[in-house]
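[1] Fold the following for me, if possible:
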Amino acid sequence: MGGSSGALRRPPAFSAALTFDDGPDPRWTPGVLDQLDRFSIRATFFVIAARAVRCRELIRRMMGSGHSIGLHCDVHVRHSERDARW
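    Model prediction:
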């Protein structure tokens with residue numbers, strides 16, 4: 001919720017945090033960004049590093065539209081495919 005100055009601001013009384021994980025995805029992310037832009041909504045995207053490298057233009061678009069970007073992981077692990085000892 002901070003701006004570029006790093007100062008924290010109190011969110012409006014009626015607000016929600018909108019987040020998207022596991023992207024960017026070249027099939028779905030452009031449409032999500034279109035709708036967010038249409039309604040002047042800002043969100044936070046938690047991206048997978050390997051996908052972010054492949055979809056640099058989508059990362060630039062997110063940043064240019066004022067969205068926040070966080071690192072979700074380097075490579076996504078499907079925990080359901082791991083054994084219990086992992």
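
[2] Centre-most residue in this protein?
    Phe45 (0.6 Å; C-alpha atoms, centre = their mean).

[3] Enumerate every residue touching it.
    Thr19, Phe20, Gly23, Pro24, Thr29, Met62, His67, Ser68, Ile69, Gly70 (C-beta atoms under 8 Å, 6 or more residues apart in numbering). (Each C-beta comes from the backbone N, C-alpha and C, glycine too.)

[4] low pLDDT regions in the protein?
    Applying pLDDT under 70 to the chain picks out residues 1-6, 79, 84-86.

[5] what about Ala52, how many neighbours?
    Ala52 is flanked by 19 other residues according to other C-beta atoms under 10 Å.

[6] for it, phi and psi?
    Main-chain torsions, Ala52, degrees, to the nearest 10: phi -60, psi -40.

[7] Is the spatially closest residue to it that is not a sequence neighbour within a helix or a strand, and which one?
    Nearest residue to Ala52, sequence neighbours excluded (C-beta to C-beta, 6 or more residues apart in numbering): Ile59, at 5.4 Å. Here Ile59 sits within helix 56-64, counting by DSSP states H and E.

[8] Show me what whichever helix or strand comes after that helix is packed against.
    Using DSSP H and E, the helix or strand that follows helix 56-64 towards the C-terminus is strand 68-73. Judged by 3 or more C-beta pairs under 8 Å, 6 or more residues apart in numbering; DSSP states H and E, strand 68-73 is in contact with strand 44-48, helix 56-64.

[9] What residues of the longest one count as buried?
    Along helix 56-64, the positions that meet the burial threshold by neighbour count (16 or more other C-beta atoms under 10 Å) are Leu58, Ile59, Arg61, Met62.
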